[in-house]
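> mind folding the following:
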Amino acid sequence: MTGREGGDRRVNGDLKDEPGETKEALARRFEDDRGHLRAVAYRMLGSLSEAEDAVQEAWFKLSRADVSAVQNLSGWLTTVVGRVCLDMLRSRGSRREDPLEYYVPDPVVSLPDTMNPEHTAELTESVGLALLVVLETLSPAERLAFVLHDMFAVSFDEIARIVDRTPAATRQLASRARRRVQDASPAAGPDARRQREIADAFLAAANGGDFEGLLAVLDPDVVLRADGGMALAAASKVVRGAEAVIAQALMYAKFRQAALPVVVNGSPAFVAVADGRPTVLMSFTIAGDRIVGLQILADPERLAALGLSEEDLARATF
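Residues are numbered from 1 along each chain as shown. Prediction:
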């Protein structure tokens, strides 16, 4: 979680631009780095669409820049994306209207039997929704320092130039962010198979109105975070404690819908389906053998953008 996943090789790579390199050659090299840059931006922003925008902005900057003297193009692009994301975070903070407490970051959704290993490693390794929620509580500069240094091994000297602070001050930003991430992060969960069993047990107990069954899989301090977006603002809430979460689960059991098992950012999840459309996405954070967090996305606009086909949704069962 605070290791340097996914970014060391690219940032520390020794790539050199040849004088007079064509735009076509630069475009090919940019495409080689696109997945890495998207992973950086997704961790920074928690939004898939904004991450794509940040990567595209990096391409615009590259296409207009003279990089003939750049010795490490991957590192240069990483810092460019970081600077773009920092500006986006600052702008977002000044216009955000919804309470941050209710926000669920954009999920990366895959079907368990059709996961693309490269895509999954690129976007979801060590970036579960629970971690992204914690990152949302950091200041833009703290988030940048933590993501670039702890996840992608960018030096504090380089990060300092982005945030316009000294390397020592930048180190303190990352240290504060690291403490907050560690304090808010659950212990490691069981393997993927066991996590799916626990999620299945929750769904079965909820659909069956089984209070004791729900109590058996929920941590006493479980937190449910629901995000209905602007369209369903009344559905946005945070519920804390096992009994309160059980009450919510049993209340909605009467609206039982078909469910499609999916994987969200590496964790077990379900998509509720009605009339061929996704209506709710529920993702689980599991530590030990208990559910410590539930992230529920009910925003119709964001659900429509999950990328699930009609054939995928037709596989949902009761």
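> helix/strand/coil for Leu135?
Taking DSSP: H, G, I helix; E, B strand; the rest coil as the rule, one finds Leu135 in the helix state.
> and the residue lying closest to it once chain neighbours are set aside, how many neighbours?
Among residues not flanking Leu135 along the chain, Arg143 sits closest, at 5.5 Å (C-beta to C-beta, 6 or more residues apart in numbering). Where you see a C-beta, it was placed from the backbone N, CA and C, and this is true even at glycine. For Arg143, the tally of surrounding residues (other C-beta atoms under 10 Å) stands at 26.
> the strand or helix carrying Arg143 packs against which elements?
Per DSSP states H and E: Arg143 is located in helix 140-145. When contacts are defined as 3 or more C-beta pairs under 8 Å, 6 or more residues apart in numbering; DSSP states H and E, helix 140-145 sits against helix 73-95, helix 156-163, helix 167-184.
> right, and those - which one's nearest Arg34?
In terms of C-beta to C-beta, the element of the helices and strands packed on helix 140-145 nearest to Arg34 is helix 73-95, at 9.4 Å.
> what angle separates the closest one from helix 156-163?
40 degrees (axes from the mean of the first three to the mean of the last three C-alpha atoms, to 10 degrees).
> now helix 73-95: buried residues?
Going by neighbour count (16 or more other C-beta atoms under 10 Å), the buried part of helix 73-95 is 73-86, 88-89.
> was I right about Gly228 contacting Val280?
No. Judged on C-beta atoms under 8 Å, Gly228 makes no contact with Val280 at a distance of 9.6 Å.
> next, show the common contact partners of the two.
Contact criterion C-beta atoms under 8 Å, 6 or more residues apart in numbering; residues bridging Gly228 and Val280 by contacting each: Ala298.
> wait, what's in contact with the residue nearest to Leu135?
So Arg143 contacts Met44, Leu89, Leu135, Ala177 (C-beta under 8 Å, 6+ apart).
> mind jotting down where the strands sit in the stretch 101-250 of the chain?
Ranges of strands in the stretch 101-250 of the chain, per DSSP state E, counting those that start in this stretch, are 109-110, 218-227, 237-240.
> so which elements touch the first one?
On a contact count with 3+ C-beta pairs under 8 Å, 6+ apart, strand 109-110 meets strand 258-264.
> ok, the next helix or strand after the strand it packs on: who's next to it in the sheet?
Note on strand 258-264: by DSSP H and E, the next helix or strand toward the C-terminus is strand 267-274. Looking at strand 267-274 with DSSP bridges, its partner strands are strand 258-264 (antiparallel), strand 277-287 (antiparallel).
> so which of the ones you listed is nearest Val222?
For Val222, the closest of those is strand 277-287, at 9.0 Å, according to C-beta to C-beta.
> now whatever helix or strand comes next after the closest one: how far from the chain's centre is it?
Past strand 277-287, further along toward the C-terminus, the next helix or strand under DSSP H and E is strand 290-297. Counting by C-alpha atoms, centre = their mean, to the nearest Å, strand 290-297 is centred 14 Å from the centre of its parent chain.
> what of stretch 62-82?
So, by C-alpha atoms, centre = their mean, the centroid of stretch 62-82 is 25 Å from its chain's centroid.
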